[in-house]
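Asker: could you look at this predicted model? Sequence included:
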Amino acid sequence: MIELAVYASKSEQSQGRRHQEPAPSNRSEFQRDRDRIVHAGAFRRLEYKTQVFINHEGDLFRTRLTHSLEVAQIARVLARSLRLSEDLTEAIALAHDLGHTPFGHAGQDELNACMREFAPEAGGFEHNLQSLRVVDELEERYAAFNGLNLCFETREGILKHCSLTHAKRLGDVGQRFIDRTQPSLEAQLANLADEIAYNNHDIDDGLRSGLLTLEQLQTVPIFARHYAQVLKAWPNLATRRVVSETIRSMINTLITDVTQTTSAKLAQAQPDDAQAARRCGPLVAFSSDVRHEADALKKFLFENLYRHYKVIRMTNKARRIVRELFSAFLQEPRLLPPDYWHDDKTVQARAISDYIAGMTDRYAIREHHRLFRMGEQFD
Ligand code: MG
């Protein structure tokens, strides 16, 4: 086994769990976190939640589950080559999207709009905060506590962004937003691995769906360069394989670049331990050239894929479903299962947003049918 670097997060030096538990006997604390995440109900539901495409538009598109697995794979490669904790970064990667609503960002934006008017300290809806809420409160699996009772380091990594208002009420995991320090290096890795994963698989899914074309992608420097290299090496290869080889080569280049850039930054900053690394500013990064190229790719995907009229049609429908579910439940909370009934309006609204956020794409569509279509009222 490779020895961890001095600045790696060590399981045995964890800042602990919210509820004390005996140490695990045959695995580390971070491994236990990862295992709890894999067994969570919210993790299984990721299979039927959208990344960009509505779930089951096609069986080969990424879902939140396969996306999370790809993020974990990339994060682990990075962690191992930088001698950081693979277990911690894997746990963070697998949990990072647990709070996602059905229908991807469209669902989140709509739920946020629905929740905006409620209680300033808890108003709005944000998927990072919701992921933390899932692991801290909403999972009901253990006798002694709500949630999964994960280690501080895993929870800190899940909470990628957060407003100062929210940070102040979140306690230990919110503190870094007030102090303006960084999360662990493993959390920083998981975050960049997320970006590498979605940029690349969205190209793949975009091409497969026919919403993007190879001609369009040739205008994106990072894609054009790798594509030309693949074609040069294999001039007669079938297009599908050329695309896969191009994406494979891009992911490799990005991983190598992060490893080299981060190693150099670590060598310069020389943090003595994981705590010191948090005070160094962001240490996990692309080189500036690659950052520039990755940003250009992101911009291209935003304009050509996420804003494609066919995607907008789907997201528009998705937003309507979320909006109508929310207002129907708010008007008549008795449409919800009894566990979700509350007297206080704000608490009621939060329970509704938890209920909707927990839905898969297809469950939300079915629920909408059940509530709004006559003839199906006894479902
Ligand atoms: Mg993600």
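Answerer: Looks like it arrived, so ask away.
Asker: give the contact list for Ala5.
Answerer: 82-84, 266 (C-beta atoms under 8 Å, 6 or more residues apart in numbering). (C-beta placed from N, C-alpha, C; glycine too.)
Asker: could these go into CSV alongside secondary structure?
Answerer: CSV is the format used below for these (DSSP: H, G, I helix; E, B strand; the rest coil):
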residue, secondary structure
Leu82, helix
Arg83, coil
Leu84, coil
Leu266, helix
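Asker: may I see the PyMOL selection of the buried members of the residues you listed?
Answerer: The PyMOL selection below is limited to those of the contacts of Ala5 classed as buried (16 or more other C-beta atoms under 10 Å):
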select buried, resi 82+83+84+266
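Asker: out of the contacts of Ala5, which comes closest to Pro24?
Answerer: The closest of these to Pro24 turns out to be Leu84 (C-beta to C-beta; 20.5 Å).
Asker: nearest residue to the closest one other than its sequence neighbours?
Answerer: Leaving aside its sequence neighbours, Leu84 sits nearest to Ala8 (C-beta to C-beta, 6 or more residues apart in numbering; 4.6 Å).
Asker: checking that neighbour next. Helix, strand or coil?
Answerer: Using three-state DSSP, the structure places Ala8 in coil.
Asker: so this protein: which segments form each domain?
Answerer: 28-310, 318-372 (automatic domain parsing).
Asker: for this protein, which residue gets nearest to the ion?
Answerer: Nearest residue of the chain to the ion, counting by C-beta to the ion: Asp194, 4.3 Å away.
Asker: what is the neighbour count of that residue?
Answerer: Asp194: 22 surrounding residues under other C-beta atoms under 10 Å.
Asker: is it true that it touches Val71?
Answerer: Yes: Asp194 is within contact range of Val71, at 5.0 Å (criterion: C-beta atoms under 8 Å).
Asker: joint contacts of these two?
Answerer: What both Asp194 and Val71 touch, as defined by C-beta under 8 Å, 6+ apart, is the set 93, 96.
Asker: show me where pLDDT drops low in the stretch 51-200 of the chain?
Answerer: 52-58, 119-123 (pLDDT under 70).
Asker: cutoff 80 now
Answerer: Within the stretch 51-200 of the chain, the stretches with pLDDT under 80 are 51-60, 119-123.
Asker: give the contact list for Ser353.
Answerer: 111, 114-115, 125, 326.
Asker: one more pass at 10 Å, please.
Answerer: 101, 111-112, 114-115, 118, 122, 124-125, 130, 133, 322, 326, 329-330 (C-beta atoms under 10 Å, 6 or more residues apart in numbering).
Asker: drop anything exposed from those.
Answerer: Burial by neighbour count, judged by 16+ other C-beta under 10 Å, picks out 101, 111-112, 114-115, 118, 122, 124-125, 130, 133, 322, 326, 329-330 from the contacts of Ser353.
Asker: how about the residues of the protein by the ion?
Answerer: Where the chain comes near the ion, counting by C-beta under 5 Å from the ion, the residues are 97, 194.
Asker: the residue nearest the centre of the chain: which element?
Answerer: Central residue of the chain (C-alpha atoms, centre = their mean): Asp97, 3.3 Å from the mean position. For Asp97, there is no host helix or strand (DSSP states H and E).
Asker: so it sits right up against Asn128, yeah?
Answerer: Yes: look at Asp97 against Asn128 with C-beta atoms under 10 Å: they come within range, at 9.5 Å.
Asker: just give the closest residue to Ala224, not the sequence neighbours.
Answerer: Gln218 (4.9 Å).
Asker: what values do phi and psi take at that neighbour?
Answerer: phi -60, psi -20 (degrees, to the nearest 10).
Asker: Ala233 versus that one, what's the distance?
Answerer: According to C-beta to C-beta, to the nearest Å, Gln218 stands 17 Å off from Ala233.
Asker: repeat that for Thr346.
Answerer: Distance of Thr346 to Ala233, given as C-beta to C-beta: 60 Å.
Asker: quick one: which of those two has more around it?
Answerer: Thr346 (16 against 11).
Asker: which element is encountered next along the chain beyond the helix or strand where that one lies?
Answerer: Using DSSP H and E, Thr346 sits within helix 345-357. Following helix 345-357 in sequence order, the next helix or strand is helix 361-372 (DSSP H and E).
Asker: now do that next one: which elements does it pack against?
Answerer: helix 104-115, helix 309-331, helix 345-357 (3 or more C-beta pairs under 10 Å, 6 or more residues apart in numbering; DSSP states H and E).
Asker: what about 8 Å?
Answerer: Counting contacts by 3 or more C-beta pairs under 8 Å, 6 or more residues apart in numbering; DSSP states H and E, helix 361-372 packs against helix 309-331.
Asker: give me the helices and strands touching the helix it packs on, please.
Answerer: helix 104-115, helix 345-357, helix 361-372.
Asker: pick the most deeply packed of these.
Answerer: Highest mean neighbour count among those (mean count of other C-beta atoms under 10 Å): helix 104-115, with a mean of 21.
Asker: quick one, it and helix 361-372 angle?
Answerer: 40 degrees (axes from the mean of the first three to the mean of the last three C-alpha atoms, to 10 degrees).
Asker: quick one: contacts of the very next helix or strand once past helix 104-115?
Answerer: Moving toward the C-terminus from helix 104-115, the next helix or strand (DSSP H and E) is helix 127-133. Under the criterion C-beta under 8 Å, 6+ apart, residues 95-101, 108, 155, 158-162, 166, 170, 173, 354, 357 lie in contact with helix 127-133.
Asker: send me helix 127-133 as CSV with only the CA atoms.
Answerer: C-alpha atoms of helix 127-133 as CSV (Å, rounded to 0.1, in the frame of the first residue of the first chain):
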residue,chain,number,x,y,z
HIS,A,127,-28.5,21.0,-4.3
ASN,A,128,-25.2,21.1,-2.4
LEU,A,129,-27.0,22.0,0.8
GLN,A,130,-29.6,19.3,0.0
SER,A,131,-26.9,16.7,-0.4
LEU,A,132,-25.7,17.5,3.1
ARG,A,133,-29.3,17.4,4.4
